[in-house]
Structures are given as structure tokens and as C-alpha cells.
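Engineer: I'll drop the sequence and a predicted model, then ask my questions.
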Amino acid sequence: MSYIITCGDEGVQINEGTRLSVVGAGLQLDGFSDIVTALKKLLGDDLRIAASEENAWIKEKLGLDTWDQVNASGQQQIEALADKENLLYSGNLPFADPQELEHDIKGHMVRPHGIHIAMKIAFTLDGGEQKYHLGQYLISAEWVSELPFEQAKEIIATQVAHYQALAKNTELTFTVQQGGELGEEVAAKNKALLEKMGYTFPEQVE
């Protein structure tokens with residue numbers, strides 16, 4: 001199974017491969033190296049990473065003005081991040097038909113240009129995204145139980161705050177996805193830690 005780290009933007013769709021989402025694909029996110037170490041421990045060293053278009057996190061972090069600047073700089077920055085973290089760089093996810101990327105990955109961007117429409121945040125618990133939903137941002141939480149609680153809490157909160165800012169006046173709700181290869185025990189452990197951090201979920205999970 002090909003796992004790929006992408007941004008959690010709701011427009012990112014991976015058609016071939018399994019998505020592990022970290023805001024901005026981890027660029028300038030404190031603790032990203034620790035996340036990568038944990039994910040490699042859990043899922044193996046053969047992890048990929050991809051840039052994506054209209055990345056609001058990268059625009060903010062790099063202080064850029066236009067999406068053209070973001071799209072160009074994002075690819076360079078994520079490729080450099082791949083080298084730093086010893087990840088396989090798959091390329092860029094564009095607004096286009098699904099694209100064949102490097103290292104057995106296929107995907108694209110599917111939300112409307114310049115518009116965020118997600119109403120909730122989904123945390124993946126045990127092996128990445130199991131079902132794609134355009135209406136939700138995605139945050140990988142497989143690694144949560146592998147890091148010190150306070151560090152994990154801060155990393156999660158940083159990502160949630162970013163997506164809540166994109167949602168503006170819409171109060172995002174939370175859900176979880178499980179059913180991945182790490183299994184129910186890992187999912188339950190990570191969900192319990194997220195609940196300890198203050199996140200609440202409906203009875204029915206996705």
C-alpha cells in the first residue's frame with residue numbers, strides 16, 4: 001500500500017494511494033519531523049509526500065501574495081522537505097483531471113478554485129483516509145499515541161485552528177475515520193487521546 005502525506009485541504013483527492021494528511025504537507029509545522037518518525041515506525045519507511053495547489057497554509061507561512069506564487073513555491077518547498085525527511089516526493093496535485101504522479105500515486109484537486117466548503121474536520125486513526133469527503137478537512141492522527149501528550153495536543157490544535165480560520169464563521173464539527181491496516185486497538189487509543197484533548201465525536205463514525 002502506498003501512503004502519501006498531503007495537505008488536509010478538503011480539495012485534495014488521492015485516487016491511487018492512501019492519504020495521510022498534515023496541514024501544509026508539514027511545511028514549517030513544529031513537530032513534523034516527529035510525526036514523520038512516528039508514521040514510519042507505524043507504517044514503514046516507504047512514505048511519499050506531495051504538494052498541492054492553492055495551499056493556504058503555505059501562502060501564510062511564506063508570506064506570498066498570489067496563488068501562482070504559492071503553487072510554484074509550494075512545489076519547491078515540499079520537494080526540499082521530502083529530501084530533509086527522507087520521503088519520496090511524488091509531485092504536485094493540480095486542479096485538473098486525476099494526474100499520474102511519481103511513486104505509484106494518482107490524484108488531483110477537486111474543490112472550487114478559491115473557495116473552502118468543508119464543514120467538519122475528520123481525524124484518521126489507524127491507516128490514513130478510508131473514504132474521501134469533499135465536505136471535510138483531514139488530519140492524520142495515527143501518530144498521536146507515539147508522541148508526548150502535550151506535544152501531540154499542540155500539533156493537533158495548530159492544525160485545527162488553521163482550518164477553523166479558513167471556515168470563517170462556520171463552526172467546524174469533528175469526526176473520525178478508521179478501518180485502516182493498524183487496526184481497532186490503535187484507532188481506539190488515538191481516539192481516546194483526541195477526546196482527552198477536548199475533541200468530541202458523534203456516535204456514528206466514518
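Structural biologist: All right, it came through fine. All of these numbers come straight from a predicted model, not from anything done at the bench.

Engineer: got phi/psi on Gly11?
Structural biologist: According to degrees, to the nearest 10, the main-chain angles of Gly11 amount to phi -80, psi -10.

Engineer: I figured it hits Val110, correct?
Structural biologist: Yes. Contact criterion C-beta atoms under 8 Å: Gly11 and Val110 qualify, at 5.4 Å. All C-beta spots, glycine's among them, are computed from the backbone N, C-alpha and C.

Engineer: common neighbours of those two, please.
Structural biologist: Overlap of the contact sets of Gly11 and Val110 (by C-beta atoms under 8 Å, 6 or more residues apart in numbering) consists of Leu134.

Engineer: neighbour count for these two, which is higher?
Structural biologist: Gly11 (23 against 15; other C-beta atoms under 10 Å).

Engineer: tell me the contacts of the more buried one?
Structural biologist: Contacts of Gly11 by C-beta under 8 Å, 6+ apart are Ser52, Glu54, Phe95, Met109, Val110, Arg111, Leu134.

Engineer: quick one: which of the residues you listed is most hemmed in?
Structural biologist: Ser52 (27 neighbours).

Engineer: check whether it really touches Ile4, as I assumed.
Structural biologist: No. Ser52 is not in contact with Ile4 according to C-beta under 8 Å; the separation is 10.8 Å.

Engineer: in three-state terms, label the residue nearest to Glu195 when sequence neighbours are not counted for me.
Structural biologist: Sequence neighbours aside, Phe201 is the residue nearest to Glu195 in space, at 7.5 Å (criterion: C-beta to C-beta, 6 or more residues apart in numbering). Assigned with DSSP: H, G, I helix; E, B strand; the rest coil, Phe201 falls in the coil class.
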